[in-house]
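Chemist: My questions concern the predicted model and sequence given below.
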Amino acid sequence: MTHKLYIKTFGCQMNEYDSDKISEILHAKDKIERTELPEEANIILFNTCSVREKAQEKVFSDLGRVKHLKTKNPEVIIGVGGCVASQEGKNIIKRAPYVDLVFGPQTLHRLPEMISRKLATNKPQVDLEFPEVEKFDALPKPQKKGPTAFVSVMEGCSKYCSFCVVPYTRGTEFSRPVESILIEIGNLMKMGVKEVTLLGQNVNAYHDEKYNMDFSSLLELISEIDDLLRIRFTTSHPKEFTARLLDTFEKIPKITNQLHLPVQSGSDKILAAMKRGYTAIEYKSIIRKLRSSRPNISITSDFIVGFPGEQDSDFEKTMDLINDVKFDGAFSFTYSDRPGTPASSITEKIDEQVKLLRLRKLQNQIKIFATDYNRQLLHKNVAVLVEGQSKKDPNQLMGRTDCNRVVNFSGEKNKIGKLVNLKITKIMANSLKGELI
């Protein structure tokens, strides 16, 4: 009998990467295949995220939806991993006693042993340690199929922003040894990968102590791999976007013409309360220097609206920053308390309706700039890395531009994995249409 694994993934690209690694680990150990249907699975896992409001309640809601599968077949294993698991720990099993496994982001490689112990003892297993590099040492060769891949280069964060739980759920910053990164990229390229996205909660804090290698040095080293066409990275912190990293951006054309650089607010008062460690002017200085070497670079960001104490004047400074920088995309949210964070104890909360009105205004303005950016691509010839079939129309192909725009077009399947030249013919709400030149 073939055992099957169902994983529901929440949150960031780090979690997507982790879910892929869980799948690869269980396949390498016990030939377990992945399924998109929980009803087919012997193992059901939720890889969770703490960033959104009421993340814990959403996890318990999802657990409730699969409880009947455990009742129907007691041999089904249900597990919770990721940041909510780190945050809630054994409380998950107290509230949902049918859960068998609780594991953190740094212990996913121990899942086969946890499953074995559960089967042997019939007792729930909890492992929330932070063994750091051990996780990467234990990963099997990737099974990746397709021209693009995520590669985690560092984990955790030591910035302790006042609103954020990441340092508590993923631990403080630690960097993966450069040899391990290069081996993974090498294995991915043997499988046809042409573009990698380097991942980290604060990726530009990367530092390999053995070789005294910072993130700029890592980018330079990876760029020397001949058959690798593109390098992306996320997420960066403005405080560590150094002059050296700006120079690296300028001199390495394989680094794509796109940067996601979370700013969170345009008000220096709010940035200080968030403990972000920079001012709005310092942030704008980074963007100005980037655009001096790459005038058409796509700049996207993160925004938190309605942080405690945010007055109308503070929000207007955020809008001023948006109008100055002209961000062409963003992840934006209303503020919500994260348990145990310093910001959660600030009493000067903002009314929910005020937060929503501000968020709508911010999102509408960024949508205008995104449309303006896309309009500049209309009728232009662009290079697109073809990733596969279009999700909306299987008769078409889809790929991404250097500036991370999705383009759908008609073409033969032998174009998948190749860099092709397209003429942009139409602008859609969330994508572009093109035709082969």
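Modeler: Looks like it arrived, so ask away.
Chemist: give me the element E24 is part of.
Modeler: Secondary structure assignment for E24, by DSSP states H and E: helix 13-30.
Chemist: actually K8, sorry about that
Modeler: Short version, using DSSP H and E: K8 is in strand 4-9.
Chemist: pLDDT-wise, which helix or strand of the chain ranks last?
Modeler: Sorting the helices and strands of the chain by mean pLDDT, DSSP states H and E puts helix 134-137 at the bottom, at a mean of 73.
Chemist: part of a strand, is F233?
Modeler: Yes - assignment of F233 by DSSP: H, G, I helix; E, B strand; the rest coil places it within a strand.
Chemist: Name the residues that touch the helix holding E24?
Modeler: Helix 13-30 is touched from outside by 3, 5, 7, 9, 32-34, 43, 45, 47-49, 81-82, 105, 108-109, 111-112, 138-144, 150-152, 155, 170, 197, 199-201, 234, with contacts defined as Cβ atoms under 8 Å, 6 or more residues apart in numbering. C-beta coordinates here come from the backbone N, C-alpha and C atoms, glycine included.
Chemist: buried set for the least confident helix or strand of the chain?
Modeler: Judged by neighbour count using 16 or more other Cβ atoms under 10 Å, the buried positions of helix 134-137 are 135-136.
Chemist: What is the helix or strand following it packed up against?
Modeler: The element immediately downstream of helix 134-137 (helix or strand, assigned by DSSP H and E) is strand 148-152. Counting contacts by 3 or more Cβ pairs under 8 Å, 6 or more residues apart in numbering; DSSP states H and E, strand 148-152 packs against helix 13-30, helix 178-190, strand 195-199.
Chemist: For N430, which non-adjacent residue is spatially closest?
Modeler: In this structure, N430 finds its nearest non-sequential neighbour in V406, 7.2 Å apart by Cβ to Cβ, 6 or more residues apart in numbering.
Chemist: beta partners of that neighbour?
Modeler: Beta-bridge pairing for V406 (DSSP bridges): R400.
Chemist: Assess the claim that it and Q396 are in contact.
Modeler: No - using Cβ atoms under 8 Å as the test, V406 is too far from Q396 to be in contact (11.4 Å).
Chemist: coming back round to it: tell me how many other residues surround the residue nearest to N430.
Modeler: Applying other Cβ atoms under 10 Å, we find 16 residues neighbouring V406.
Chemist: That one and A28: what is the separation?
Modeler: Using Cβ to Cβ, to the nearest Å, V406 is found at 32 Å from A28.
Chemist: re the thing from before, just want the angle from the strand holding K8 to helix 13-30.
Modeler: With axes from the mean of the first three to the mean of the last three Cα atoms, to 10 degrees as the basis, strand 4-9 and helix 13-30 are set at 170 degrees to each other.
Chemist: And for strand 4-9, what's in contact with it?
Modeler: 15-16, 19, 22-23, 26, 32-38, 40-47, 62.
Chemist: For PyMOL, write the selection for the buried entries among these.
Modeler: Typed into PyMOL, the next command selects the buried ones out of the contacts of strand 4-9 (criterion: 16+ other Cβ under 10 Å):
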select buried, resi 15+16+19+22+23+26+32+34+35+38+41+42+43+44+45+46+47+62
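Chemist: Report the distance from the longest helix anywhere in the chain to the chain centre.
Modeler: Ranked by residue count, the top helix of the chain under DSSP state H comes out as helix 352-377. Its chain's average C-alpha position is 21 Å from that of helix 352-377, according to Cα atoms, centre = their mean, to the nearest Å.
Chemist: Which strands or helices does it pack on?
Modeler: Against helix 352-377 (3+ Cβ pairs under 8 Å, 6+ apart) you get strand 298-305, helix 312-325, strand 330-334, strand 419-427.
Chemist: shaky segments in this structure?
Modeler: For the chain, applying pLDDT under 70 flags the ranges 1-2, 52-53, 132-133, 144.
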